[in-house]
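Enquirer: Could you look at this predicted model? Sequence included:
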Amino acid sequence: MTLNPIPPVASLRAIPALAMVLVLVALAVAWGLMHYAVGGRVAYTMDSLTYRDAALQFAAGHPMQSSNVTAQAPKLRPLLNWPPAYPALWASTLSLANGNVDDVPALLNPVLLGLTTLAIFGICHMVTGNSMTAGALATVNAFTPTSMIVYGHAWSETLFIPMLLLAYAAFWKYRISQEKFIWLAAAAVLVGSINWVRYAGVVFLPILGFSVLAASSSTLGKRIVHAASAMLLGAALAIPLWLRNWQLAGNISGSARGGIPRFDRWLEDFVTIIDLFEHCFFSFSMVLRANLEIPILTGAVFVAYKAFRRSGIQWLRPPEIWLPMIWLTGYLLFLLYARKIQTTVDLDLRMVAVVFPFLLLAMAPAVSAAFSNRLLDTRKILVALMLGLLVYAGLDQASRTHRNYAFDGIPRWRSAFGLGFRELRDTSPTSRAIKESIGPVDASTIILTDYRALYIRYLTGAKVYSPEDKDCAQWAYASTGSLLFLGGAELPAWAVDCLKEKSRWRLLRPAGKAAPSMYVD
């Protein structure tokens, strides 16, 4: 397998109009597919409700704060566990949705998906100099299951992924522009900024520095200076957030995240990551996987063998192949490390979605080489099959989501084999059942619950809290008609204490199918 030579500078000005038209058409189809899947609605999980709440506080003039759902005073508390950039973006675009906070994600997500697609197109064009290859991979990325899932939810990944890809694009421009530092500075600014979107962005600071050291053609001294400068510039943008978190919580990520460390789970998580990547190609279909996995692996081994016979190890050495794999692998290793304390959180497609585009970027030279001539060979069949499977998996994801959304109003985007992300929008059956159990309440009503208080607050508009105290002292002066909405078999101590004032509190438990799904994101 001989890779096409990389042009010294692949400029976007040289992109044929046809390739751009194809990308725009693909984007339009992807947007239409998402609208078909969920009727234009973007799904919510508990993270989404937290972002929504923080966005409302931004809009009300309380930046970087969220509602206090454990105590009546103070009403607000610092936003720590979640960085502020995505809620700030949500709040800043409220006017475009006529002030309706729940319409904002449906406006933002198509734009951010478009930015992601165009970023991949630009990177692939710089890497291969082939606009049709760039168009094909950008199109495929818009249809992958990971893209369908991420841009089908109100999540910070919708902003994190395009910013990360733009950082990588700026770094690649640095490489092909005779290493003009202005492009590396742009990459460093973007990498530093993504720490304000997701705390996991911290791992890309050393990855960027390593990329400069490994992929630069300058002298060692210049590489060290550029790598250190880029990391310091990126860190300078992130440090104010880290220091604030450290002062308030004693941790740069806003909290210790809880959990008992499990150092023996890394192998289990590693296998799960491989499994999730495989399912991105096989659409969680064991039939497809059983029939196509072995032929694909056999074909890949055959193509690699021929390439090694022709060029030895040289065909793996171009940074066009290994550099995106460094960004992908570095993030996944960080994820495995960070998850040692996330004992109650399962790995799902959302977690690998961040770096799945880098897998496509690593494939770009091979795709370009496979279609560099008109001869039908194993390379073409293998590449066409893999890209086709990715598109099919995305189409299947949208089709499944449309069917269950049309059936019962829940867009069950697939998270892992046999599991879907829980939909918490107020139109879902679970949410409607909870609202019916509680009944109409006034905004001044106080509801104490052992559920996720922010969720109940979103559904009812009432003042909802999940008390941390063991007694009812601070709730003693609640107005008549206030509620205890409890789902646990045993009443917590604060609830028992509150019920001593029988005339003041009314005890409710969820009816029907509301109860089983409350603790699932």
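Expert: Structure received.

Enquirer: residue ranges for the strands of the stretch 401-521 of the chain, please.
Expert: 414-416, 419-420, 446-449, 463-465, 482-485, 505-508 (DSSP state E, counting those that start in this stretch).

Enquirer: For the shortest one, which helices and strands make contact with it?
Expert: Spelled out, that is strand 419-420. Helices and strands touching strand 419-420, by 3 or more CB pairs under 8 Å, 6 or more residues apart in numbering; DSSP states H and E: there are none. Every C-beta, even on glycine, is put in place using the N, C-alpha and C of the backbone.

Enquirer: cool, and the fifth one?
Expert: Where contact means 3+ CB pairs under 8 Å, 6+ apart, strand 482-485 is packed against helix 429-438, strand 446-449, helix 493-499, strand 505-508.

Enquirer: Helix or strand: which one has residue 124?
Expert: helix 104-128 (DSSP states H and E).

Enquirer: next structured bit after that helix?
Expert: helix 131-143.

Enquirer: CA atoms only: put the helix or strand following that next one into PDB for me.
Expert: Downstream of helix 131-143, the first helix or strand assigned by DSSP H and E is helix 145-150. The C-alpha trace of helix 145-150 is given here as PDB (Å, rounded to 0.1, in the frame of the first residue of the first chain):
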ATOM      1  CA  PRO A 145     -23.400   6.200  15.700                       C
ATOM      2  CA  THR A 146     -21.200   8.400  17.900                       C
ATOM      3  CA  SER A 147     -22.100  11.600  16.100                       C
ATOM      4  CA  MET A 148     -25.800  10.600  16.000                       C
ATOM      5  CA  ILE A 149     -25.700  10.000  19.800                       C
ATOM      6  CA  VAL A 150     -23.800  13.100  20.800                       C
END
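
Enquirer: which outside residues touch stretch 321-339?
Expert: For stretch 321-339, the external contacting residues (CB atoms under 8 Å, 6 or more residues apart in numbering) are 168, 200, 203-204, 206-207, 210-211, 214-215, 265-266, 269-270, 273, 316, 345, 347, 351-352, 354-355, 358-359, 361-362, 365-366.

Enquirer: Now that we have those residues, which of them are buried?
Expert: 168, 200, 203-204, 207, 210-211, 215, 265, 269, 273, 347, 351-352, 354-355, 358-359, 361-362, 365-366 (16 or more other CB atoms under 10 Å).

Enquirer: which ones are touching the closest residue to residue 40 other than its chain neighbours?
Expert: Spatial nearest neighbour of residue 40, excluding adjacent residues (CB to CB, 6 or more residues apart in numbering): residue 106 at 5.7 Å. Residues near residue 106 by CB under 8 Å, 6+ apart: 40-42.

Enquirer: Look up how far residue 96 lies from residue 106.
Expert: 11 Å (CB to CB, to the nearest Å).

Enquirer: just residue 300 next, same as before
Expert: For residue 300, the distance to residue 96 - CB to CB - is 46 Å.

Enquirer: Filter the buried ones among the contacts of stretch 321-339 down to the ones in strands?
Expert: Assignment to strands by DSSP state E places none of these there.

Enquirer: buried set for the particular helix or strand that has residue 381 in it?
Expert: Element membership for residue 381 (DSSP H and E) is helix 378-408. Of all the residues in helix 378-408, those buried under the rule 16+ other CB under 10 Å are 379-380, 382-383, 386-387, 389-398, 400-402, 404-405.

Enquirer: next one: phi and psi at residue 43?
Expert: Reported as degrees, to the nearest 10, the phi and psi values for residue 43 are phi -80, psi 160.

Enquirer: residues near it, how many?
Expert: 26 (other CB atoms under 10 Å).

Enquirer: which one is residue 74 nearest to, not counting chain neighbours?
Expert: The spatially closest residue to residue 74, leaving aside those adjacent along the chain, is residue 68, at 6.1 Å (CB to CB, 6+ apart).

Enquirer: ok, now which ones touch the one you found?
Expert: Residues in contact with residue 68 (CB under 8 Å, 6+ apart) are 74-77.
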